[in-house]
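In: Next come a sequence and a model predicted from it.
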Amino acid sequence: MSNRLESNDGWKRAKMSKLGSVVADRRYGHTRASLVSPWLQSWSGRITICAVIPADSNPPPPQGAEARAEPAASVPPVLPPPLPSVKARPNYLPRVLVMLLLGGGLLVLVASLGKFVRAGDSTTAWQSPETGVGYRNERIGRVPWSIHVVRVDRSNKGLGFYAALSENQVLGVSRISEQARIVPADFGRPIAGVNGDFYERDNRTYAGDPRGLQIMRGELVSAPDTVCVWFDRKDVPHLDEVKGNFTVTWPGGTRSPIGLNRQRLSDRIVLYTPTYGPSHRMRGGRDFILQRDGSGPWLPLAASRTYRARVREIKETADTALPEDAMVLSVAPEQLNSIPALEPGAVVEISTATTPDLSDVPTAIAGGPALVRDGKPADFTPPRPGQAGSYSERSKYERHPRSAIGWNDQHIFLLTVDGRQAGLSVGMTLAELADYMIKLGCTQGMNLDGGVSATMWLTGHIANSPCQGERTIANALFVVRKAGPAQPYGPPKAGR
């Protein structure tokens with residue numbers, strides 16, 4: 001009896017150990033069994049565990065010899081291997097949501113910062129590349145605008161202005177940096193400059209011809225046609241609608257209007273000087289080669305003067321060369337019947353009268369239209385849709401790159417506004433340009449050529465951001481450090 005009880009007790013301990021490995025608490029899953037198993041082993045001999053075991057999962061107690069066999073005390077019960085752990089499938093959804101939220105927030109932050117930067121305004125402090133000359137770049141991000149300003153102290157008598165011409169002749173175009181290099185050293189040293197007047201660019205044969213007035217170092221190289229800015233001998237600037245009354249007086253006293261250094265149309269008479277180019281590039285008509293008569297004024301040609309000239313030679317051939325010591329009066333075919341017959345030796349008079357009188361003016365350059373007069377902006381009220389007319393008229397009310405000149409009693413300003421660059425500057429309308437000049441303090445101001453020509457040069461480099469890079473232009477206006485008090489008339493004749 002005692003042996004049977006001990007045998008049954010051993011069987012219970014083995015059974016309880018087995019149960020400890022396989023029975024799991026359904027509330028906690030399989031991980032609970034590993035905690036229960038040792039506890040059951042340690043208490044299986046001390047307590048009685050009552051459990052309802054299904055018939056198909058627990059065999060009956062051993063009988064006969066098997067029941068009488070006593071397990072060895074030193075051999076531990078054989079336990080089945082533990083159930084393989086079942087890993088829970090990772091749930092990446094929270095992580096993905098967090099990353100999306102963080103990424104979206106970062107994008108919003110970057111966009112907001114970018115908008116803030118674009119909307120921000122900044123102005124560099126006035127830099128002084130030369131005594132009496134200041135430069136700054138103002139950026140107005142909400143538009144955006146990038147505006148370059150050169151400010152010249154009018155009280156500094158060592159500073160002056162020079163109207164440069166491409167290759168020192170009317171025909172041809174060149175970059176403003178190239179024009180800066182050929183400013184005559186005996187006139188002055190260039191410090192800063194902007195592009196100048198509108199010019200002929202569609203007809204390549206006559207490309208570079210300025211549209212309006214230009215006086216270069218006292219020489220009249222282009223006739224007035226529109227508003228212009230000119231400087232007197234004291235470097236005082238003036239803004240005027242200069243009118244030209246250029247004529248030739250023939251023997252016998254009759255007069256004919258003439259043009260100057262420009263393409264000769266079929267019904268015109270044009271006077272050419274050596275500064276126009278090697279030849280006048282015209283065909284047909286008749287050319288009179290003129291030389292000085294007597295001791296009166298002669299070349300270089302000046303405004304508001306009268307010149308007596310003697311006919312040296314008459315040519316019927318095309319594309320007459322322009323001698324350095326002579327002028328050529330070219331008569332178009334349709335005008336030949338309106339002039340008297342001339343022979344070599346005949347004397348004519350040439351008048352370069354202007355209103356106002358520009359006889360002692362060293363520097364002048366045209367542009368237009370006027371932007372500011374007596375501290376008030378010009379009226380640029382846009383026309384009704386469809387009534388703007390030509391491109392030159394429509395462009396006044398559109399935003400484009402711009403250049404301009406203005407002044408007050410203390411300073412003269414050169415301006416260039418970058419344009420056609422959405423991330424930097426969109427350009428200005430003429431009304432916006434006029435308002436900005438008044439903001440600077442200008443009491444007078446004039447527009448210059450713009451678009452791809454709008455360029456500012458400063459001490460050897462391009463200061464602004466031209467919309468198509470530095471392009472060729474016809475002429476430019478430079479601030480110079482004067483070489484001396486006396487400035488002789490006439491430009492150097494480069495290569496001729």
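Out: Now that the structure is in, tell me what you want to look at.

In: all contacts plus neighbour counts: C-alpha atoms, from now on.
Out: OK.

In: How about T416: which residues does it bridge to?
Out: Beta-bridge partners for T416, by DSSP bridges, are H148, S403.

In: Quick one: residues contacting it.
Out: If a contact means C-alpha atoms under 8 Å, 6 or more residues apart in numbering, then T416 has 147-149, 194, 401-404, 454-456, 464 as its contacts.

In: what about it, distance to L265?
Out: Look at T416 and L265: by C-alpha to C-alpha, to the nearest Å, they are 35 Å apart.

In: Most neighbours out of the contacts of T416, which is it?
Out: T455 (35 neighbours; other C-alpha atoms under 10 Å).

In: Need phi/psi at it.
Out: phi -140, psi 140 (degrees, to the nearest 10).

In: Relative to A422, how far out is it?
Out: 18 Å.

In: just A192 next, same as before
Out: Distance of A192 to A422, given as C-alpha to C-alpha: 27 Å.

In: Looking at these two, which one has more neighbours?
Out: Set A192 next to A422 and count neighbours by other C-alpha under 10 Å: A192 wins out with 29 against 11.

In: Name all residues that make contact with that one.
Out: A192 makes contact with 150, 456-459, 478-480, according to C-alpha under 8 Å, 6+ apart.

In: Tell me what the closest residue to it other than its chain neighbours is bridged to.
Out: Excluding the flanking residues, the one nearest A192 by C-alpha to C-alpha, 6 or more residues apart in numbering is L458, at 4.4 Å. Beta-bridge pairing for L458 (DSSP bridges): A192, H461.

In: same thing with F288?
Out: With DSSP bridges as the rule, F288 is bridged to I314, L329.

In: you'd agree it is up against A332?
Out: No. Using C-alpha atoms under 8 Å, F288 is not in contact with A332, being 11.6 Å away.

In: Name the residue in the two with the higher neighbour count.
Out: Applying other C-alpha under 10 Å to F288 and A332 shows that F288 carries more neighbours, namely 22 against 19.

In: Got phi/psi on G450?
Out: Per-residue torsions, G450: phi -130, psi -150 (degrees, to the nearest 10).

In: Do I have it right that it meets R399?
Out: No. Counting by C-alpha under 8 Å, G450 stays clear of R399, with 10.5 Å between them.

In: Neighbour count: those two, which is higher?
Out: Higher neighbour count among G450 and R399: G450, with 23 against 19, using other C-alpha under 10 Å.

In: And the nearest residue to G451 once chain neighbours are set aside, how far from C442?
Out: The shortest distance from G451 to any non-neighbouring residue, by C-alpha to C-alpha, 6+ apart, is to P401 (4.8 Å). Here the criterion is C-alpha to C-alpha. By it, P401 lies 20 Å from C442.

In: Now for V426: which residues touch it?
Out: 143-145, 399-401, 418-420.

In: wait, doesn't R211 sit right on D197?
Out: Yes. Contact criterion C-alpha under 8 Å: R211 and D197 qualify, at 6.8 Å.

In: Give me the common contacts of the two.
Out: Contact criterion C-alpha under 8 Å, 6+ apart; residues shared by R211 and D197: A366.

In: Compare those two (neighbour count), which wins?
Out: Each of R211 and D197 has its neighbours counted (other C-alpha under 10 Å); D197 has more, 27 against 20.

In: Next up, the contacts around that one.
Out: By C-alpha under 8 Å, 6+ apart, the contact set of D197 is 210-212, 365-367, 448-449, 474-476.

In: Sticking with it, tell me its helix or strand.
Out: Using DSSP states H and E, D197 sits in no helix or strand.

In: In space, what's closest to it - neighbours in sequence excluded?
Out: Using C-alpha to C-alpha, 6+ apart and skipping residues adjacent in sequence, the residue nearest D197 is G367, 4.7 Å away.

In: For that neighbour, grab the count of nearby residues.
Out: Counted with other C-alpha under 10 Å, G367 comes out at 27.

In: G196 now?
Out: 31.

In: Kindly provide the distance from it to V229.
Out: With C-alpha to C-alpha as the criterion, G196 and V229 are 11 Å apart.

In: repeat for T429
Out: Distance, T429 to V229, using C-alpha to C-alpha: 21 Å.

In: more crowded one of the two?
Out: Neighbours were counted for T429 and for V229 using other C-alpha under 10 Å; V229 has more, 25 against 18.

In: That one contacts G368, doesn't it?
Out: No. The pair V229 and G368 fails to qualify as a contact (C-alpha under 8 Å) at a distance of 9.4 Å.

In: list the residues that contact both of those two?
Out: Residues touching both V229 and G368 (C-alpha under 8 Å, 6+ apart) are M446.

In: Below-threshold pLDDT in the stretch 1-150 of the chain: ranges please.
Out: Residue ranges of the stretch 1-150 of the chain with pLDDT under 70: 1-94, 96-98, 100-119.

In: show me where the stretch 51-200 of the chain has helices.
Out: Under the criterion DSSP state H, counting those that start in this stretch, the stretch 51-200 of the chain contains helices at 64-68, 93-119, 176-181.

In: Could you do the stretch 301-450 of the chain as well?
Out: Along the stretch 301-450 of the chain, counting by DSSP H, counting those that start in this stretch, helices occupy 391-394, 430-440.

In: and those helices, which one is worst for confidence?
Out: Lowest mean pLDDT within those: helix 391-394, a mean of 88.

In: Now do it: distance to the chain's middle.
Out: Centroid displacement of helix 391-394 relative to its chain, using C-alpha atoms, centre = their mean, to the nearest Å, is 21 Å.

In: burial count for G158?
Out: 15.

In: And the contacts of D197, which of them are buried?
Out: 210-212, 365-367, 448-449, 474-476 (16 or more other C-alpha atoms under 10 Å).

In: In TSV, list those residues along with distance to S174 and pLDDT.
Out: Putting these into TSV (distance: C-alpha to C-alpha, whole Å; pLDDT from 0 to 100) gives the following:
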residue	distance to S174	pLDDT
P210	13	97
R211	16	96
G212	18	97
I365	17	98
A366	18	98
G367	18	98
L448	17	98
D449	15	98
A474	7	98
N475	8	98
A476	10	98
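
In: Same list (those) but as JSON lines, adding distance to A341.
Out: Compiled in JSON lines, the buried ones among the contacts of D197 are given as follows (distance: C-alpha to C-alpha, whole Å):
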{"residue": "P210", "distance to A341": "33"}
{"residue": "R211", "distance to A341": "32"}
{"residue": "G212", "distance to A341": "32"}
{"residue": "I365", "distance to A341": "37"}
{"residue": "A366", "distance to A341": "37"}
{"residue": "G367", "distance to A341": "39"}
{"residue": "L448", "distance to A341": "43"}
{"residue": "D449", "distance to A341": "43"}
{"residue": "A474", "distance to A341": "37"}
{"residue": "N475", "distance to A341": "38"}
{"residue": "A476", "distance to A341": "42"}
